[in-house]
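Chemist: make a model of this:
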Amino acid sequence: MEAISYHNDIDDEMEQFLTREAIEDALKEKGDQKDEKQKKSVPKRQVSYKFSKEYPKVDSELDLHGRTQEESERFLYNFINSAKIGKLKTIRVITGRGMHSKNGPVIRNFVERLLEIHQRNGKIKKFKIETNGGSFLIHI
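Modeler: Residues are numbered from 1 along each chain as shown. Modelled structure (predicted):
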């Protein structure tokens with residue numbers, strides 16, 4: 001009795017449809033669609049003209065979304081120290097605006113107080129809340 005091979009028939013059919021060019025075109029099209037979605041869904045951050053002209057471009061970012069106060073304090077401390085060691089000039093810390101918190105912007109207010117302390121202690125030169133309200137620009 002002879003075995004029937006369905007596998008080879010399927011492979012032959014797949015080869016007809018899945019040429020290298022077809023796969024590359026499909027991936028490119030998918031990537032273009034993804035890029036379009038990201039462009040539409042991600043608002044551009046607005047930085048006040050004075051601050052952006054005064055300081056160089058942002059060298060690094062830290063996103064604290066979903067972090068506790070304790071985690072945020074530790075991450076911020078390490079981030080500032082790493083930025084100083086790496087001789088970065090300007091960094092961004094993203095906290096979010098606190099719109100989804102029951103009691104308002106907990107992390108944003110907490111980070112602002114920590115930055116005030118770091119500024120008084122000379123760890124950072126100055127900082128500013130960005131116009132979107134959910135992030136800080138920090139000059140090291």
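
Chemist: how about stretch 70-79: buried residues?
Modeler: Within stretch 70-79, the residues scored as buried using 16 or more other CB atoms under 10 Å are 72, 75-76, 79. Heads up, the C-betas are built off the backbone N, CA and C, glycines and all.

Chemist: which residues are in contact with it?
Modeler: By CB atoms under 8 Å, 6 or more residues apart in numbering, the list of residues contacting stretch 70-79 from outside reads 60, 62, 64, 67, 91, 93, 95, 107, 110-111, 114-115.

Chemist: narrow those residues to those in strands?
Modeler: 60, 62, 91, 93 (DSSP state E).

Chemist: in CSV: the buried residues of stretch 70-79, plus pLDDT, secondary structure and distance to residue 136.
Modeler: Formatted as CSV, the buried residues of stretch 70-79 follow (pLDDT from 0 to 100; DSSP: H, G, I helix; E, B strand; the rest coil; distance: CB to CB, whole Å):
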residue, pLDDT, secondary structure, distance to residue 136
72, 94, helix, 12
75, 96, helix, 13
76, 96, helix, 10
79, 96, helix, 11
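
Chemist: and the residues you listed, which two are the farthest apart?
Modeler: Taking CB to CB as the measure, these span a maximum distance of 10.1 Å, between 72 and 79.

Chemist: what about the nearest residue to residue 63 once chain neighbours are set aside, how many residues close to it?
Modeler: Among residues not flanking residue 63 along the chain, residue 94 sits closest, at 4.5 Å (CB to CB, 6 or more residues apart in numbering). Here the number of neighbours of residue 94 (other CB atoms under 10 Å) works out to 18.

Chemist: remind me which residues of the protein are low pLDDT?
Modeler: 1-27, 29-55, 98-102, 104-105 (pLDDT under 70).

Chemist: these two touch, right, residue 64 and residue 112?
Modeler: No - counting by CB atoms under 8 Å, residue 64 does not reach residue 112; the two are 12.0 Å apart.
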